[in-house]
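Novice: Quick one: sequence and predicted model below, then my questions.
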Amino acid sequence: SPEVTVEYRSGLPSVTVPLPSKNDRCRFTLKPISNTVGDFLRYLKDEDGGIERTAVYTTDDVKIAQSTTIDQLVQNDFKLLINDTTYTVQAPEQGRLLSMSEDVTTMDDIKAMISQLHTSLNIEQFQLQREQDILKKMEDLQVEIEPLEKVRKELATRAEKRTTFIVYSGLAYMALQFGLFARLTWWEYSWDIMEPVTYFTGYAMSMAAYAYFIVTRQEYVYQDAADRQYLLGFHKKAKKVKFDVQKYNFLKSQIYQCEVDLKRLRDPLQLHLPMKDAEDIARQD
């Protein structure tokens, strides 16, 4: 029968196993530190639905725990049980693991190097998955905010019309006041009579501006006053139609946060660059 073999490929142990149902051999690439015997046995069952029983034993027929890491497993020969068939597996050369790097001298160095390799192999997959999650979340938020956006646009248009009406009404009042004072000054009365009237009228306008400051705690500036009227009109009409302003603002902030996360995720400086490399690039710039 075909044998089960273990060999290193690109620094990772690859186990080639004959699948009973498919009559074919399948290669499983494992991670020495993060993968365990239990992971390997689960991969076998996922690949071939006809596998019902799996186990790993030492050459002395002692069962190996599923929590045993792959790097510990491949250090010695072992037996692999698949259904009713037992395969004797020869461990790869002891020096193969250490030859992955000339600078590796301790198990801590091995774990650190494998962790870096694991990160390099999986960071792109993680980023793609993260990007898909963010895009899906944005899509759900866009669907949820779409009906609110239609109502908001209608309310914004009505509030803008109201603000424009108030602004032009103020201009019409000033023009009417100017015409009235001109009529009274040059046709009905004289400047000597109208001068105190214009003085007190101007002073009344100053009092009105000061009253505006007392109420709003803001200096009377035309643009600020117009914006205030817009907001008052918008919220008044939103309350009438029961438009949830807080929910709309929350959804908009969530969409903005997704856009920021997506931009940061797609930033070339954030892709595959360790901190030391990023600092070197920043120093060169």
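Specialist: Here it is on my side, so go on. Numbers count the residues shown, from 1 in each chain.

Novice: Tell me which residues of stretch 73-90 come out buried.
Specialist: In terms of neighbour count (16 or more other CB atoms under 10 Å), stretch 73-90 has its buried residues at 73-74, 78-80, 82, 87, 89. The C-beta positions use only the backbone N, C-alpha and C, and glycine is treated the same way.

Novice: name the helices or strands packed onto the lengthiest helix in the chain?
Specialist: Of all segments of type helix in the chain, defined using DSSP state H, the longest is helix 107-183. If you count contacts as 3 or more CB pairs under 8 Å, 6 or more residues apart in numbering; DSSP states H and E, helix 107-183 packs onto helix 191-216, helix 222-240, helix 245-265.

Novice: In CSV: these, plus distance to D39 and mean pLDDT.
Specialist: CSV is the format used below for the helices and strands packed on helix 107-183 (distance: least, CB to CB, whole Å; pLDDT from 0 to 100):
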stretch, distance to D39, mean pLDDT
helix 191-216, 65, 81
helix 222-240, 55, 81
helix 245-265, 28, 88
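
Novice: Any idea how far stretch 174-194 is from the middle of the chain?
Specialist: 65 Å (CA atoms, centre = their mean, to the nearest Å).

Novice: Over to stretch 12-28?
Specialist: 38 Å.

Novice: the longest strand in this structure is where?
Specialist: Counting by DSSP state E, the longest strand found in the chain is strand 12-19.

Novice: between that strand and helix 107-183, what angle do the directions make?
Specialist: 100 degrees (axes from the mean of the first three to the mean of the last three CA atoms, to 10 degrees).

Novice: Given strand 12-19, what are its sheet partners and their directions?
Specialist: Strands that pair with strand 12-19, judged by DSSP bridges, come out as strand 5-9 (antiparallel), strand 24-29 (antiparallel).

Novice: Same question for the first one: list its buried residues.
Specialist: With burial defined by 16+ other CB under 10 Å, the residues of strand 5-9 counted as buried are 6, 8.

Novice: I'd like the mean pLDDT over that strand, please.
Specialist: Strand 5-9 shows a mean pLDDT of 86.

Novice: which stretches of the chain have low pLDDT?
Specialist: For the chain, residues meeting the criterion pLDDT under 70 lie at 1-2, 94-124, 268-285.

Novice: Looking at the buried residues of stretch 73-90, which two lie furthest apart in space?
Specialist: Among the buried residues of stretch 73-90, the pair separated by the greatest distance (CB to CB) is V74 and I82, at 17.6 Å.

Novice: Go through the helices and strands packed on helix 107-183 and name the closest to R162.
Specialist: So among those, helix 222-240 is nearest, using CB to CB, at 4.3 Å.

Novice: can you give me how far the closest one is from the chain middle?
Specialist: On CA atoms, centre = their mean, the centre of helix 222-240 falls 33 Å from that of its chain.

Novice: What residues does the nearest residue to T185 once chain neighbours are set aside make contact with?
Specialist: With sequence-adjacent residues excluded and distances taken as CB to CB, 6 or more residues apart in numbering, T185 is closest to M194, at 4.5 Å. By CB atoms under 8 Å, 6 or more residues apart in numbering, the contact set of M194 is 181, 184-185.
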